[in-house]
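1. Here is my input; please provide its structure:
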Amino acid sequence: MIRTVPTALFLALALLAGACSNADERGGAEPNSSSVDGLSTTTTLDPELSFAGTVAAPEFPEGLDWLNTSEPLTLAGLRGKVVLLDFWTYGCINCIHIIPDLKRLEAEFSDELVVIGVHSAKFVNESETENIRNVILRYEVEHPVVNDRDFLVWNTWGANAWPTTVLVDPGGNVVGGHSGEGVYEIVQPVIAGLVAEFDANGVLDPTPISFDLEVDGRPDTILSFPGKVFTDGETLYIADTGHHRIVSADPGTGEVIQVYGRGSAGYTDGPALEAEFDSPQGMALSPDGATLYVADTNNHAIRAVDLASGAVSTALGDGEQGWPPAGGIGRDVSLASPWALEERNGLLYIAMAGHHQIWFVDLETGAAAPLVGNARESTLNGPLPEAELAQPSGLAFDNAGVLYFADSESSAIRSAEVELGDSGVTDIVVGSDENLFDFGDVDGVGTDARLQHPLGLALADDGFLYVADTYNSKIKRIDLAAGSIQTFLGSEQGWEDGTDPLFYEPGGLAAFGDRLFVADTNNHAVRIVDLATGETTTLVLKGIEAFAPSPTDSGYAGQVIDAGTVEVAPGPGFVELAITLPAGHKVNEEAPSSAQLTATGAVQVDEAAIALTGAEFPVRVPVEFTEGAGSIVADLTVIYCHQETESLCLIQQLRFQAGVAVVDGTGSALSLAYTIELPGLGG
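-> Coordinates of the predicted model:
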């Protein structure tokens, strides 16, 4: 989403690359090209030349909110480190694209480099600190981020595009900046040169530095930032985006049928629980219903799940972000952040958010190509290949074969006559078609209406086209005949069931019969709406813990507690599971919590599997202690919720390990205790 915004001129810096234009979203200049006050120059990477800057870096203003750090940072306090500032806004696909580059640089220069995200929001919703915190968690950002909601840092530094990166040398001077993607290749040689130069002159400080991250101490949720949902009526498929997996469940009972993916980010084909995805989003079924296609967004691929065997394979994409966009066959084509899928008549349509296009794939031949959009990011309508889209992120067909798409960065719902071939055109349905900065929350007709970064669409049997108006945290519906949109459900962001429900940045919709399924992304939940009444409930998933890595697996996400060796008396006794829940919370009465006890030697357990659903702690399990020594291992899965929001579940996995020495004259209880703590919302 490279965008020019009226700001002060970029400081008199030697830019490492020219600002990106809409003609080339990846950057407009060669890595060694630069400009100073508009004059073209050349930067050589000869290591004998100085990389140091000559302009003192301005300090951060006081009073800003900081995330991923316990206290505000100053550039003066970071002297001795190379500092990379990343100016971004979280709805921008180009900003998302450079996160892997930043992580790669942080890993390569772990002791010498500090990355600081400067979040200067485009959308009103993106300026809220709590929303930025959620995005930091969603995209697993592990460097400090400052909320530049009023563009104070942006204007001080003279940034003019998202994303923009700027380097500061260990002496506190500005080296240069780059607008656009392709950050690693451009910036890495300069960082390496700065490290070598300032190490040689004794200024570099290689002391490791760590920060208090937002993820530290956070409870795990059953789902993590679910992005999309899909259903054929019998099975509900959930893109558990933050857990990098697909969950299939009974849409009526919430019983989990299968999970596809280990739950860790990666790119691995294979059996259901060994395969890996990276932030999956949209899904669609093959015409015969045997294959589930998945938009594996961060892997830039379309994955195929064999629903009979559970095996995951790659149907389309080579795993690399492609530019410029070009069609191809199967795994020989490069994609860019596929976000939503829709199947019709043997063709799979892809909302290719990273290319600002809509593609299609012939499922029989595997041939894929761009269909709508010229890859320039804008609002222009017209013939399909000449239209200009802006990060399409949701798709839905009507019965006549018109494809509707949520054009998120233009905050509009648009249409494309994809089945008319070269004679088809795009058109505006609701929202502005003037520019990429006309957004808001206004119900109305056509271009008088305003939305804010919509991500999801679903056409229901009642004839309405439902819209996940994501940044307004609302569900809206379009009367296609009238060309009007009205708010259906939702108001301010939050969580509430009933006929006046609240949502929090919902990202995906799926309709079947009289029900609308909502991927309520920031609530980590799937909501079910009765379209006739508006009554909204939260789906409680049951049995998902059976698909999690075991405590002996390297992918285990729980806590392992070594209780040491405990002395107990011979004879009847008990193991006490003393779990302290956060204030105001209780064990969920629907989702199955459980404990599994494994004993050896002097410990005998009659009932190894204990149901904890709805239990009140402490729970005592009868055991028998005999003379000698032994051990006990207790594996717990505790699914708990706030007493007032029983459907929003948190999950805690624990493994206790204790040695047992049976000694006369001691007690008969072996206590296994753990306190679950939740960080404050401002933590």
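2. Need the residue closest to the centroid of the protein.
-> residue 138 (3.7 Å; Cα atoms, centre = their mean).
3. which residues touch the residue nearest to residue 595 when sequence neighbours are not counted?
-> Using Cβ to Cβ, 6 or more residues apart in numbering and skipping the chain neighbours, the partner closest in space to residue 595 is residue 610 (4.4 Å). The C-beta positions use only the backbone N, C-alpha and C, and glycine is treated the same way. Shown in contact with residue 610 (Cβ atoms under 8 Å, 6 or more residues apart in numbering): 594, 595, 596, 597, 619, 621.
4. Just give the closest residue to residue 151, not the sequence neighbours.
-> Nearest in space to residue 151, with sequence neighbours left out and distances taken as Cβ to Cβ, 6+ apart, is residue 120 at 5.4 Å.
5. hang on, the one you found packs against residue 148?
-> Yes. Counting by Cβ atoms under 8 Å, residue 120 touches residue 148, with 4.4 Å between them.
6. Looking at the contacts of residue 610, spot the one nearest residue 484.
-> For these, the closest approach to residue 484 (Cβ to Cβ) belongs to residue 594, at 50.4 Å.
7. per-residue pLDDT, the closest one?
-> Looking at residue 594, its pLDDT reads 92.
8. just to revisit the earlier point, touching both of residue 120 and residue 148, which residues are there?
-> In contact with both residue 120 and residue 148: 87, 154, using Cβ under 8 Å, 6+ apart.
9. ok, and what's touching the biggest helix by length in the chain?
-> When the chain is parsed with DSSP state H, its longest helix is helix 183-200. Applying Cβ under 8 Å, 6+ apart, the contact partners of helix 183-200 are 16-17, 27, 31, 45, 47, 50-52, 80, 82, 84, 98, 101-102, 104-105, 108-109, 112-113, 163, 165, 167, 169-171, 175-176, 178, 204, 206.
10. doesn't residue 72 fall inside a helix?
-> No. Per DSSP: H, G, I helix; E, B strand; the rest coil, residue 72 lies outside any helix segment and is coil.
11. quick one on the thing from earlier: so what pLDDT did the residue nearest to residue 595 get?
-> According to the prediction, residue 610 has pLDDT 91.
12. After the helix or strand it falls within, heading C-terminal, what element do we hit next?
-> If you go by DSSP states H and E, residue 610 is part of strand 609-611. Downstream of strand 609-611, the next assigned helix or strand under DSSP H and E is strand 619-642.
13. buried stuff in the very next helix or strand once past that following strand?
-> As assigned by DSSP H and E, the chain's next helix or strand after strand 619-642 is strand 645-662. By 16 or more other Cβ atoms under 10 Å, the buried positions in strand 645-662 come out as 645-660, 662.
14. can you check stretch 128-143 too?
-> Applying 16+ other Cβ under 10 Å to stretch 128-143 flags 128-129, 131-139, 141-143 as buried.
15. repeat for stretch 278-287
-> Here stretch 278-287 shows 278, 279, 280, 281, 282, 283, 284, 285, 286 as buried, counting by 16+ other Cβ under 10 Å.
16. Relative to the whole chain's centre, how far out is the host helix or strand of the fourth one?
-> Under DSSP H and E, the secondary-structure element containing residue 281 is strand 280-285. Computed by Cα atoms, centre = their mean, to the nearest Å, the chain-centroid distance of strand 280-285 equals 15 Å.
17. just checking, what packs against the helix or strand that it is followed by?
-> Later in the chain than strand 280-285, the nearest helix or strand by DSSP H and E is strand 291-296. Applying 3 or more Cβ pairs under 8 Å, 6 or more residues apart in numbering; DSSP states H and E, one finds that strand 291-296 makes contact with strand 280-285, strand 301-306, strand 338-344, strand 347-352.
18. Output these as a markdown table; include the columns mean pLDDT and distance to residue 256.
-> Putting the helices and strands packed on strand 291-296 into a markdown table (pLDDT from 0 to 100; distance: least, Cβ to Cβ, whole Å) gives the following:
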| stretch | mean pLDDT | distance to residue 256 |
| --- | --- | --- |
| strand 280-285 | 98 | 16 |
| strand 301-306 | 98 | 15 |
| strand 338-344 | 98 | 22 |
| strand 347-352 | 98 | 26 |
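19. Spatially, which residue comes closest to residue 352, not counting chain neighbours?
-> Looking at residue 352 with Cβ to Cβ, 6+ apart, the closest residue is residue 359, at 5.0 Å.
20. Ramachandran angles for that neighbour?
-> With angles defined as degrees, to the nearest 10, residue 359 sits at phi -110, psi 170.
21. Pretty sure it sits against residue 368.
-> Yes. Between residue 359 and residue 368 there is a contact under Cβ under 8 Å: 5.8 Å.
22. what touches both of those two?
-> When contacts are counted by Cβ under 8 Å, 6+ apart, residue 359 and residue 368 have 327, 350 as shared neighbours.
23. Tell me the buried residues in the longest helix of the chain?
-> Residues of helix 183-200 classed as buried by neighbour count (16+ other Cβ under 10 Å): 183-184, 186-195, 197-198.
24. got it, and stretch 153-167?
-> Buried-residue list, stretch 153-167, by 16+ other Cβ under 10 Å: 153-154, 156-167.
25. partners of residue 450 in the sheet?
-> Bridge pairing for residue 450 (DSSP bridges) gives the partners residue 442.
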